[in-house]
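J.: Sequence and computational prediction follow.
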Amino acid sequence: MFDKGCKANSMRVKVIINPRSGKGRAREQTGMIEALGHRYGELDIVPTQRSGHATELAAAAADEGYDLVAAAGGDGTVNEVVNGLVGEGERASLPLGIIPIGSGNDLAFGLGIREAPEEAVARIFTGQRRPLDLARVTDDRGQSRVFQNNLGIGFDAIVVMRTETISRIQGFLMYLTAVLQTIAFYYDTPYMEMSFDGQPVNQRALFLYAGVGPRGGGGFLMTPDARWDDNLIDTCLVNPVSRLTMLYMLTRVMKGTHVTSRHVTMRQSNHIIARSSSPMPIYVDGEMFAYPRDNVHEVTLTSLPGAVQVMV
């Protein structure tokens, strides 16, 4: 560790901050992050102005001479930054730092980064680099995106769509409210043809969840055994179940004990293909990747081992 009064080898850090993260809390943190960062090295804060802007800012960082890019926000902001660092390849151009000030912060939770923003800033300069697995999703539109934590198809994605309409609450309570609303108003179990490392699985399903990390939605341990260093994508395939069973399973998912239920099948794979009889709603890292109106019927998921170095 470096002393607080020392410059960490004059490291140049680009902090990409989403002012809307945490329902606007990120905007309040900007001055503090900048002041603390200058104790350790050279830190420049750039706010995002629109969806996708963080990806553009991160992609330009290497050419601008930065040594590291930090994402200040939630999982969606981190996802945009990671996509800018990786681009269309399989390895990030620069290391990643995380200042978790979003609603879910599931990646930060899984990595043990749960401290105050002040300590998160210090960790960017003084922490250790850890290789992190990612995964890539590609759909039948030709759209492709890297994700660092999770992906959901079906019911789970409808939950994320509902969070887009919730403005008065945040964090886990926001996701829980959206889950309860979705249980009440949505029920679709399309026939899905899937392949897990070449093993075919054909059935009706409520949803398919894929996790590179263990937690999603700010508190749901959907893939509790998932790790970022095993080159595997953990999946939870949920059978058609009643609404009453959904409510019962909800409490088990919060603890990660649903993995032994006869209603779900857990797998670990490198390569996954999923086709659906209905247009698939899909989200990655808490943000929508495909709405039902996009008419996506097939996706391929591929593990990217050690694709980014993250400061922990």
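T.: Structure's in. What do you need?
J.: I'd like the average pLDDT over stretch 270-283.
T.: Throughout stretch 270-283, pLDDT has a mean value of 97.
J.: in the lengthiest strand in the chain, what's buried?
T.: When the chain is parsed with DSSP state E, its longest strand is strand 298-311. For strand 298-311, burial by neighbour count (16 or more other Cβ atoms under 10 Å) applies to 299-311. No exception for glycine: its C-beta is placed from N, CA and C like everyone else's.
J.: Let me have these in a markdown table, adding pLDDT and distance to Gln143 as columns.
T.: Below are those laid out as a markdown table (pLDDT from 0 to 100; distance: Cβ to Cβ, whole Å):
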| residue | pLDDT | distance to Gln143 |
| --- | --- | --- |
| Val299 | 98 | 9 |
| Thr300 | 98 | 11 |
| Leu301 | 98 | 13 |
| Thr302 | 98 | 14 |
| Ser303 | 98 | 19 |
| Leu304 | 98 | 17 |
| Pro305 | 98 | 23 |
| Gly306 | 97 | 24 |
| Ala307 | 98 | 19 |
| Val308 | 98 | 21 |
| Gln309 | 97 | 26 |
| Val310 | 97 | 25 |
| Met311 | 95 | 30 |
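J.: And those residues, which is closest to Arg50?
T.: Taking Cβ to Cβ as the measure, Arg50 lies nearest Val308 of the buried residues of strand 298-311, at 23.6 Å.
J.: Quickly list what the closest one is bridged to.
T.: For Val308, the beta-bridge partners under DSSP bridges are Leu132.
J.: Show me the helices in the stretch 201-312 of the chain, by range?
T.: Using DSSP state H, counting those that start in this stretch, the helices found in the stretch 201-312 of the chain span residues 243-255.
J.: whoops, I mixed them up, the stretch 1-150 of the chain
T.: 25-37, 53-61, 75-86, 106-110, 117-126.
J.: quick one: average pLDDT of the second one?
T.: Confidence over helix 53-61, taken as the mean pLDDT, stands at 97.
J.: can you check the third one too?
T.: On average, the pLDDT along helix 75-86 is 96.
J.: helices or strands up against that helix?
T.: strand 12-17, helix 53-61, strand 68-73, strand 96-100, helix 106-110, strand 144-147, strand 287-290, strand 298-311 (3 or more Cβ pairs under 8 Å, 6 or more residues apart in numbering; DSSP states H and E).
J.: Let me see the residues that make contact with the fourth one.
T.: The reference is to strand 96-100. Contacts to strand 96-100, defined as Cβ atoms under 8 Å, 6 or more residues apart in numbering, come from residues 13, 15, 17, 29, 33, 68-74, 78, 81-82, 85, 107-109, 111, 113-114, 117, 120-121, 123-124, 132, 308-311.
J.: number of nearby residues for the closest residue to Met11 other than its chain neighbours?
T.: Leaving aside its chain neighbours, Met11 sits nearest to Gly41 (4.1 Å; criterion: Cβ to Cβ, 6 or more residues apart in numbering). Using other Cβ atoms under 10 Å, the number of residues around Gly41 comes to 20.
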